[in-house]
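Chemist: After the sequence you'll find the predicted model.
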Amino acid sequence: MRRNLAARIGGWSAHHRKTAILGWLLFVVLATAIGGASGLVEMSDAENAAGDSARAERILDDAGLGQPAGELVMVSTAKADDWRGAAREVAAALDRTGEVTNVAAPIPSKDGKDALITFDMKGDAATAPDRVQPVLDAVSGVRADHPGVTIHQFGEASAGKWLGDLLSEDFKKAEFTAVPLALGILLVAFGAVVAALLPVGLALTACMAAFGLLSLASHQLHLFQTTYSVMFLMGFAVGVDYCLFYLRRERDERAAGRDAETALRIAAATSGRAVLVSGLTVMVAMAGMFLSGLMLFKGFALATIIVVFIAMLGSVTVLPALLSWLGDRTDAGRVPFLGGRGNRRGNRRGNRRARTSGGFAGTVLKPVLSRPKTFAAASVVVLLALAAPALGMKTEQLGLEKQFGSDSQLSVAYRQINETFPGGPAPARVVVKADHIGTPALRKAFGGFDKVTVHTAQNVAEIEVPLPGGEADLSELREKRLPAAFDGTGAQVYVTGETAGSVDFNDQLKRGIVPVFVFITAVTFLLMLFCFRSYVIAVTSIVLNLLSVAAAYGVMVAVFQHGWGASLIGSEGVGAIEAWIPLFVLVVLFGLSMDYHVFVVSRIREARDRGLSTRAAIDEGIRRTAGAVTGAALIMVAVFAVFGTLSMQDMQQMGVGLAVAVLLDATIVRMILLPSVMALLGERNWRTPRGPARLPGLEHGEPETGTPEALATSGTRG
């Protein structure tokens, strides 16, 4: 009979293994080398902004008025005016570096015990973090010479330097922690070193190739600096999971007594097909982020689509080639007492007994199916209780002082400077564009502000306005002060800056989340409808996903906004969730959870199609898939949790949010809520609309006939 696409790809790879393996290695090397040579292009402030902030940044870019990286140094003493000597030395040390300009005279505080020195870095602001080290050293030198004086420094260049160093360290930490952790889990699962190394090796090479391709793509779609970390997080997790499904199925078939070729063919036709469906689903879900209207999410979408596609491609091509080449050598380096169930030399009768017993899954399912209404209600109550804190979610673009943690030198400096000189570290920047910037009306308008810089040749003016009251002062500036000053002048007036940028970004997210949500729910519904030809299952899958997402949101808000238990993971509450995290978690979870959902419900549907009652089919389907789903989820949770331990607040929030979401999805949702809801619905689960009833089924179950020969035939059925 005609074999499905995954089976045909797997069969070709197994029979042309040298071509498949060498082709994969050549692809990885070329992609990595070419991408590394091209370099990554990061997005500009204008590209990362939204609303009025983006318009202001574009005006400045078009006029060639990129603002230099500004820095602040605050000198503090116990007595008034004692700071003068240290302040003079700071100014002199800064001048000697040759890297700064516009060093202003010290501005004293109200009580005279502090002074603020402002200056700019020379050259392009984008490269200032790479050149700021001599400036940091100069300030540190003065600090060391005056032990009785407190000196704090904060600015765009110094913060950028900290951020770059921290991201580099965090990325190394993620690699050196996630990889051994996943390897350890796979070693326990398979009990053999070679079998454990295969998924990790393929996932890492997929990430390497994706990094190269993303660098090339960044010349067209500029990227945010954390995009590489997001790519590694997703690529490594799904890469290992896809290989795990494939390899586990092949080993199970060998343990059942089938020859190597038959086992590989069955794995390709079943698990290979599941990998293709899962990968395509994740990629389509990720494409929804293109509808957000923000370049940040477009970059995340592109990065995730690239790495998932490459991981999927490697799992269905080079993995079967490697398995065909290694044969029984995949069991090399066996570890005693580990991975016994997957042993190729296990007897078929024992394997069948292990399959049907269900282990822990059987223990959980028995009471769930006996009292489905009770367990469904209890599961929903638990998930809603976890989700409750999300009702008070506050999102913002976390400033660098929040990203680094309250005890870091940079955060302390920001806090002290802002408390002593309110609005100093994050003032609003008003950009005025007119046909003739020097008209009397505009000159009169400028008179109402203290810090005005007029660029006559470009017909652009910049106004710096402190915002000691944060968003409240920004709102008053935009809605009252600026209209009162500039109405009737014919000028374009926009506000940018840290606070304005965060507000505008949030506003765009609120507008963009609706089309993204509609897109991914529609995709989920249509996929489930096509897979199972049942609108009840399609709707159920969406509701279950939303419960998982809501619970994950609630945990994130509790931990990172309110600080409940944050110290347990080395973090702290910062009063808000990073603006891009909720949408990202929503899209990623909808994509990844479909892997587990299709895998589980396919087995349930297959058992029912063989004549079992719905309740008996649920019992068998959950038992047969529990091991694979648990193993795959455990690896994803472990990898995501690693990111929850990194230094950056947004990486912590992303890691914890995804880890909690996957954990809840694989346990409460798939093991308790799904079977209890399906048991309550009974035969209503399979209600088929007239149109989809004529579509071909998309099955993921394994063949059920008794002999290896029959299994081989069924396993390759299209």
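Modeler: Received the coordinates, thanks.
Chemist: Please count neighbours and contacts with C-alpha atoms only from this point.
Modeler: Fine.
Chemist: Tell me the helix or strand right after the one helix or strand Leu216 maps to.
Modeler: Leu216 belongs to helix 193-217 when assigned by DSSP states H and E. On the C-terminal side of helix 193-217, the closest following helix or strand by DSSP H and E is helix 227-255.
Chemist: Which secondary structure elements does that next one sit against?
Modeler: The contact analysis (3 or more C-alpha pairs under 8 Å, 6 or more residues apart in numbering; DSSP states H and E) places helix 227-255 against helix 193-217, helix 260-267, helix 273-287, helix 295-316, helix 348-357, helix 614-643.
Chemist: For that helix, give the mean pLDDT please.
Modeler: The average pLDDT for helix 227-255 rounds to 82.
Chemist: Am I right that Arg429 falls within a helix?
Modeler: No. Checked against DSSP: H, G, I helix; E, B strand; the rest coil, Arg429 lies outside a helix; its state is strand.
Chemist: Name all residues that make contact with it.
Modeler: Residues counted as contacts of Arg429 (C-alpha atoms under 8 Å, 6 or more residues apart in numbering) are Glu462, Ile463, Glu464, Val465, Val495, Thr496, Gly497.
Chemist: In CSV: those residues, plus neighbour count and secondary structure.
Modeler: Shown next, in CSV, are these (neighbours: other C-alpha atoms under 10 Å; DSSP: H, G, I helix; E, B strand; the rest coil):
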residue, neighbour count, secondary structure
Glu462, 23, strand
Ile463, 18, strand
Glu464, 20, strand
Val465, 22, strand
Val495, 28, strand
Thr496, 27, strand
Gly497, 19, coil
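Chemist: Let's have the residues you listed in JSON lines, adding pLDDT.
Modeler: Below are the contacts of Arg429 laid out as JSON lines (pLDDT from 0 to 100):
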{"residue": "Glu462", "pLDDT": "91"}
{"residue": "Ile463", "pLDDT": "91"}
{"residue": "Glu464", "pLDDT": "88"}
{"residue": "Val465", "pLDDT": "89"}
{"residue": "Val495", "pLDDT": "92"}
{"residue": "Thr496", "pLDDT": "90"}
{"residue": "Gly497", "pLDDT": "85"}
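Chemist: Counting neighbours, what do you get for the nearest residue to Ile618 once chain neighbours are set aside?
Modeler: Nearest residue to Ile618 in three dimensions, chain neighbours excluded: Ile604, at 5.2 Å (C-alpha to C-alpha, 6 or more residues apart in numbering). By other C-alpha atoms under 10 Å, 27 other residues sit near Ile604.
Chemist: what about the strands in the protein?
Modeler: 70-76, 100-101, 107-108, 114-121, 150-155, 395-396, 428-433, 451-455, 460-465, 492-496, 577-578 (DSSP state E).
Chemist: Can you give the strand pairings for the second one, parallel or anti for each?
Modeler: What it means is strand 100-101. According to DSSP bridges, strand 100-101 forms sheet pairs with strand 114-121 (antiparallel).
Chemist: Name the residues that touch the partner strand?
Modeler: For strand 114-121, using C-alpha under 8 Å, 6+ apart, the contacting residues are 68-77, 80-81, 83, 87, 91, 99-109, 128, 132, 157, 420-421.
Chemist: let's see 7 Å
Modeler: Defining contact as C-alpha atoms under 7 Å, 6 or more residues apart in numbering, one finds that strand 114-121 is touched by 68-77, 83, 99-109, 128.
Chemist: ok so, going back, reformat the helices and strands packed on helix 227-255 as JSON lines; add mean pLDDT, mean neighbour count and distance to Ala666.
Modeler: Output for these, formatted as JSON lines (pLDDT from 0 to 100; neighbours: other C-alpha atoms under 10 Å; distance: least, C-alpha to C-alpha, whole Å):
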{"stretch": "helix 193-217", "mean pLDDT": "90", "mean neighbour count": "23", "distance to Ala666": "21"}
{"stretch": "helix 260-267", "mean pLDDT": "82", "mean neighbour count": "24", "distance to Ala666": "23"}
{"stretch": "helix 273-287", "mean pLDDT": "83", "mean neighbour count": "23", "distance to Ala666": "15"}
{"stretch": "helix 295-316", "mean pLDDT": "91", "mean neighbour count": "25", "distance to Ala666": "20"}
{"stretch": "helix 348-357", "mean pLDDT": "43", "mean neighbour count": "14", "distance to Ala666": "19"}
{"stretch": "helix 614-643", "mean pLDDT": "83", "mean neighbour count": "23", "distance to Ala666": "6"}
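Chemist: so which of those helices comes closest to Arg251?
Modeler: helix 260-267 (7.6 Å; C-alpha to C-alpha).
Chemist: Quick check: which helices or strands does that closest one pack against?
Modeler: On a contact count with 3 or more C-alpha pairs under 7 Å, 6 or more residues apart in numbering; DSSP states H and E, helix 260-267 meets helix 227-255, helix 708-715.
Chemist: Relative to Leu477, which of the helices and strands packed on helix 227-255 is closest?
Modeler: helix 295-316 (27.0 Å).
Chemist: how big is the angle separating the closest one from helix 227-255?
Modeler: In terms of direction (axes from the mean of the first three to the mean of the last three C-alpha atoms, to 10 degrees), helix 295-316 departs from helix 227-255 by 20 degrees.
Chemist: Number the chain from 31, please
Modeler: Yes, from this point I'll number from 31; that puts the last item at helix 325-346.
Chemist: how far is helix 325-346 from where the chain is centred?
Modeler: Taking the mean of its C-alpha atoms, helix 325-346 sits 12 Å from the chain's own mean (C-alpha atoms, centre = their mean, to the nearest Å).
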